[in-house]
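**Student:** dropping a prediction and its sequence here:
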Amino acid sequence: MSQPNRLASGGLIDRATPLAFTFDGRGYTGHPGDTLASALLANGVTLVGRSFKYHRPRGILTAGSEEPNALVELRTGARREPNVKATVAELYDGLEARSQNRFPSLSFDLLAVNQLASPVFVAGFYYKTFMWPAKLWEKLYEPLIRRAAGLGRAAEAADPDAYEKTTAHCDVLVIGGGPAGLSAALAAGRAGARVILADDDSVLGGRLLSDRLAVGEGSAAQWAASAAAELASLPDVTVLTRASVVGAYDGGVYGALERVSDHRATPLPHQPRQRFWRIVAKRCVLAAGALERPIPFGNNDTPGVMLAGAVRSYLNRFGVAPGKRAVVYANNDDAAKTVLDLTAAGCEIAAVVDASGDAPALAAAARSAGAPLIFGGAVVRAYGGQSVKGCAIADSRGRSFNVACDLVAVSGGWNPSIQIATHLGGRPVWDSPRSAFLPGSPPPGMDVAGAASGAFELAEAFAEGGRLGTEAAQECGYTAAPFDAPQTEPETDAVHGHGPWKPKTSRGKAFVDFQNDVTVKDVELAAREGFKSVEHLKRYTTLGMATDQGKTANVVGLALMAEITGRSIPDTGTTLTRPPFTPVAIGALGGAHRHKEFRPTRLPPSHFWAEEQGAAFVETGLWMRAAYFPRAGEADWLETTIREVNTVRTAVGVYDASTLGKIDVQGADAGVFLDRVYINGFSTMPVGKARYGVMLREDGFAMDDGTVARLSPTHYYVTTSTAHAAQAMRHLEYCRQWLWPELDVHLASITDQWAKYAIAGPRSRDVVTALVDDADVSDAGLPYLGVKEVTVGGGVKARLFRLSFSGEMAYELAVPARYGDATIRAIIAAGEPFGICPYGAEALAVMRIEKGHAAAAELNGTTTAFDLGLGGMMSKKKDYVGRVMAERGALTDPARPRLVGFKPVDRSARLRGGAHFIPREATPTADNDQGYMTSVAYSPSNGCWVGLGFLANGPERIGEIVRAVDPVRDGDVEVEVVAPVFVDPEGVRVRG
Amino acid sequence: MAEPLVARSAFRPHVAPLASPTGVAGVTLREAEGLTLASVAAFRGREAELADAVRAAYGIELPAGPKRVASGDVAFVGAGPGKWLAVSSGATDFAGLPAAVADQSDGRTVVRVSGPRARETLATLTAIDLHPRAFGVGDAALTHAASISIHLWQVVDAPTYEIAVFRTFAATFWRWMVEAAQSRGVEARHGG
């Protein structure tokens, strides 16, 4: 029969719609509204997984996100996900799940022999067993342990799904959609406050869905549905279902993971799989409810042992009987509802065991069920192996007897879900009457309502949630009426229970932390070995360190330790929890920003044209720059680069220099300002001129270089290197706003405003002449280092500079960026008669090395202007940022590594950047290190490799031969120290 | 004399995809073309002179703080203490103002974002609260969209936002908007 354990009626499931799914390859059916766990139970499947360490058979303990046992692999292929809790995985048609951590099959697991070796696997076994020989750790022990103790397998293919991140602001964030949370959201929402209600379930209601209770005029579930409908109708209320709030952060910020598509086989088109919410809330009401805790007894992990509240969820919400004949073992009156609900569903109650002997409602329920009541007794041990077949019960006088059953419903009381209230360090406080930790000092702006605050009774939860919702709205400035809580049936308030923590037998393992296989004996061992602090207990036994973060285990483990060491629970202490409350996929934190979209890509104005030319691109920071422009028949990048260099040096080439940082500097004090930030002066530079400049950091080291052009007495145009553009702008703004606010000077980034092309080579003037509308660009009309405003292409305003980075006669033509694409095409057309070619970053680098110009490799943050051979530029007549610090003795020591050039003695040898300089006869050790090579290139003009680098006393050692040693690549090349200029040392060509 | 130069948008379809309309467009993206933009900063001690000049030329009271004031084709959007972004939907020469003026007509690309799900879409990229109670017509913000600096202001209640982004970041910004907008129904058009 299909779904043998499905009740004939009841539950919030759509019985008319069957959903087919498989577990370990076997087909089953369930219904919309089911979780994988409820559907498995409906089909009579109770054995769901194997445990982490001992490979013990495990079933379903809970009905929520605290589940430690029923972890499965969900989906297949690239979407395969391990450790999915069957209790929260919503059923969809075609769902495929597999049990994990078993070999070869779930019911016959060879690794269950680990249990025989369990003395080895007790607490601390890692530390004790795999100590020696230590060298075997990485190669042998760790892989073995990982394979034997692994939980599930991650997908091997890349994640095919999309994720989204978003930010939401609200007045009141309500965490949890149970009775307290719904009341809080309604109270605040009705007042007009902006409310976000987040609940990790697919349906709002919390325990209202799981308990058979009357609320208002109808059932609890009906009240929840009408509350949800009202919330949906309020325009400024946002309800997030399937959304777990996972952390509280500073400033009223909360993180939440919304499982947008996890209830589907695959996400709908364009939908993310999950969405991570960053919620900024003025106030927060934490109404996360409470989690039931077990009572340890022998073999308490046998499938069929289930928490009493979870039994009610399966009966009432899912219409599933988790067993036919149950033993209910509880220390509190709350479990009375489980007895009554089981009876109502037609299940037999084999026995009710009242652990505390003072639960009147439990006794009454047992009587009404006609079941034997064992007053002050205990379940000692479950038996049955792969599923519960019965349990041994001891009465108050210690007499033991066996009772046949297929379900043991356990309740050791309830732990308020206060985890999020502790995320900012607020210590929980032990409340003896309730036998539970309550929030001590929640994060600012957070109030705690309902079961999370210890208000376990339904009426209390409605009232407290409503009151805190009203207050939160009022705090945000809204006029909020008191919340009118619905009528509820009288309920017992004795839902708290205290112990017993220690089982009455040593037969059969009694588990505290199911997911990490930590037993009562492990806790006892930790205490014996001196690990009595809760922090030590946790780390020595791994209690609470699994993916469930010990939601069902921590308080029991702590209480055990208290009992063993004869201390009170508050004296024993408790650990704090950290975000996330439930696991979050890294993909969700990255959102849409992954792969190439991890960061922005900046495209210079010639990019699309360069694509058409088949350019090879190179990433430079965020920029995509053309590296070189290969032509048919060229073998490699080097051949292309050599051709491009030769074309520039003999004819003309064009390069997109738009990536340089460009800053507009205006104001009466613009010149004074620039004098203070550059080592050289600009206030006396004539209008229409440009000059090279170097900026220092405040500590005296070189920060950036570039050119400064003067467009008018109060208007300058500054360029920075591509690499340091943002840093330079930030530095200049800092100087302007903070160091010298009295100066009249204004900065504007105009990097993106201008497309800028360097036209370089002996024929550059011919090309520029053909481009400009009507301007004198001769040496007289625009001499070297001159700048003028011109028009091109029939009236487009442009700026023309006589600047050269290549060492050839060169112009830089800047046009508004919208014309950048047209301008590169115009330059190529105008240059065709003169043999123009575009050149890329590779050729540019070769030519600047040939000219000894410093770039990012030399301006690396550890070099000074003096090191760079630019000491002569450092003005003595004015003060500037970094001057005093740059004059420190150690920074002007001639023995510092200083910039020089290098050529291999064997002219066919290749040079390597990063090689270190060692005297010829010395051994290559750090003691003999005299500097390092920063940039190398094959120089077509020299017919050999050339390099720039920093060598101790470098400029005094021209002509000397040293070794360039590169231990990483086995390089050891003799190099000649030369002046750092390899082409046109007199600088004649630039003047044309 | 050379041929006239053709102006081009920062966008091309292969870097800034045009999502085809899917049912009702929750989000509409448009490149705002033909704008004149300029960064305007008051000279020290001459703030009143600039305010007078702007009032005389455009009938606009220069806003203090992150606000936008518009009149006719022209608007001034706060861009920091004593700084504004001047925006005109036509050809306007802001260079005559007694201030440090830098043309930004090519330095920024402006994207207009509208539609019932515009706010929700923008929330995937910016942390600014755009709820009508927090941000309305006339409000502006200098902020960032993920890792891209943006200057954002609201022009219509409906709502319609205009977002100025550095030209070389515009294609990435567009892609990220389209990525977020696709699940919400998008209609996008640009000048590329």
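**Tutor:** Yep, it's here.

**Student:** pLDDT value on A:Cys837, please?
**Tutor:** Turning to A:Cys837, the model gives it a pLDDT of 98.

**Student:** count the residues that sit near the residue lying closest to A:Arg599 once chain neighbours are set aside.
**Tutor:** Take A:Arg599 and drop its neighbours on the chain: the residue closest to it by Cβ to Cβ, 6 or more residues apart in numbering or on different chains is B:Ser147, 5.7 Å away. For every residue, glycine as well, the C-beta is placed using N, CA and C. Using other Cβ atoms under 10 Å in any protein chain shown, B:Ser147 has 14 other residues around it.

**Student:** contacts only, for B:Ser147.
**Tutor:** Contacts for B:Ser147 were tallied using Cβ atoms under 8 Å, 6 or more residues apart in numbering or on different chains; they are A:His593, A:Arg599, A:Pro600.

**Student:** over to residue 37. Which of the three states is it?
**Tutor:** This is for chain A. Put simply, A:Ala37 is helix when judged by DSSP: H, G, I helix; E, B strand; the rest coil.

**Student:** show me how the record splits chain A into domains.
**Tutor:** Taking automatic domain parsing as the reference, chain A has its domains at A:19-129, A:163-290+A:416-475, A:294-412, A:499-596, A:661-749, A:893-992.

**Student:** what's the average pLDDT for the shortest one?
**Tutor:** Summarised as a single mean, pLDDT over domain A:661-749 is 97.

**Student:** the second one too?
**Tutor:** Across domain A:163-290+A:416-475, pLDDT averages out at 96.

**Student:** the last one now?
**Tutor:** Confidence for domain A:893-992, expressed as mean pLDDT, is 96.

**Student:** okay, strands next: where are they in the stretch 701-850 of chain A?
**Tutor:** Listed in chain order, the strands found in the stretch 701-850 of chain A under DSSP state E, counting those that start in this stretch are A:702-712, A:715-720, A:746-749, A:754-760, A:787-792, A:796-801, A:810-816, A:837-838.

**Student:** can I get the domains of chain A in a markdown table including mean neighbour count and distance to chain B?
**Tutor:** Formatted as a markdown table, the domains of chain A follow (neighbours: other Cβ atoms under 10 Å in any protein chain shown; distance: least, Cβ to the nearest Cβ, whole Å):
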| stretch | mean neighbour count | distance to chain B |
| --- | --- | --- |
| domain A:19-129 | 20 | 19 |
| domain A:163-290+A:416-475 | 23 | 4 |
| domain A:294-412 | 23 | 30 |
| domain A:499-596 | 20 | 5 |
| domain A:661-749 | 20 | 4 |
| domain A:893-992 | 17 | 22 |
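
**Student:** out of these, the one nearest A:Met873 is which?
**Tutor:** Comparing the domains of chain A by their distance to A:Met873 (Cβ to Cβ), the top pick is domain A:661-749, with 4.7 Å.

**Student:** from start to finish, how long is that closest one in a straight line?
**Tutor:** 8 Å (Cα to Cα, to the nearest Å).

**Student:** then stretch A:838-858?
**Tutor:** Counting by Cα to Cα, the terminal residues of stretch A:838-858 are separated by 26 Å.

**Student:** ditto for stretch B:141-157
**Tutor:** Using Cα to Cα, the two ends of stretch B:141-157 sit 16 Å apart.

**Student:** what's the model's confidence in it, averaged?
**Tutor:** 97.

**Student:** next one: that stretch to chain centre, how far?
**Tutor:** Its chain's average C-alpha position is 8 Å from that of stretch B:141-157, according to Cα atoms, centre = their mean, to the nearest Å.

**Student:** swap in stretch A:765-781?
**Tutor:** Distance, stretch centre to chain centre, for stretch A:765-781: 55 Å (Cα atoms, centre = their mean).

**Student:** hmm, that stretch touching chain B?
**Tutor:** Yes: Stretch A:765-781 lies within reach of chain B by Cβ under 8 Å from any Cβ of the partner chain, at A:Ala770, A:Leu771, A:Asp773, A:Asp774.

**Student:** what does the last one show for phi and psi?
**Tutor:** Dihedral angles phi and psi of A:Asp774 (degrees, to the nearest 10) take the values phi -170, psi 80.

**Student:** any idea how far A:Gly795 is from it?
**Tutor:** Taking Cβ to Cβ, to the nearest Å as the measure, A:Asp774 falls 10 Å from A:Gly795.

**Student:** the more surrounded of these two?
**Tutor:** Counted by other Cβ under 10 Å, A:Asp774 and A:Gly795 do not tie: A:Gly795 has more neighbours, with 10 against 7.

**Student:** just to revisit the earlier point, kindly reformat the contacts of B:Ser147 as a markdown table and extend each row with distance to A:Gly869.
**Tutor:** Listed next are the contacts of B:Ser147 as a markdown table, based on distance: Cβ to Cβ, whole Å:
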| residue | distance to A:Gly869 |
| --- | --- |
| A:His593 | 42 |
| A:Arg599 | 35 |
| A:Pro600 | 36 |
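
**Student:** now do the SS call for A:Ile420.
**Tutor:** On the three-state scheme (three-state DSSP), A:Ile420 is labelled helix.

**Student:** contact partners for the closest residue in space to it that isn't next to it in sequence?
**Tutor:** Leaving aside its chain neighbours, A:Ile420 sits nearest to A:Ala248 (5.1 Å; criterion: Cβ to Cβ, 6+ apart). A:Ala248 sits next to A:Tyr254, A:Cys284, A:Ile420, A:Ala421, A:His423, A:Leu424, A:Pro443, A:Met446, A:Pro579 when contact means Cβ under 8 Å, 6+ apart.
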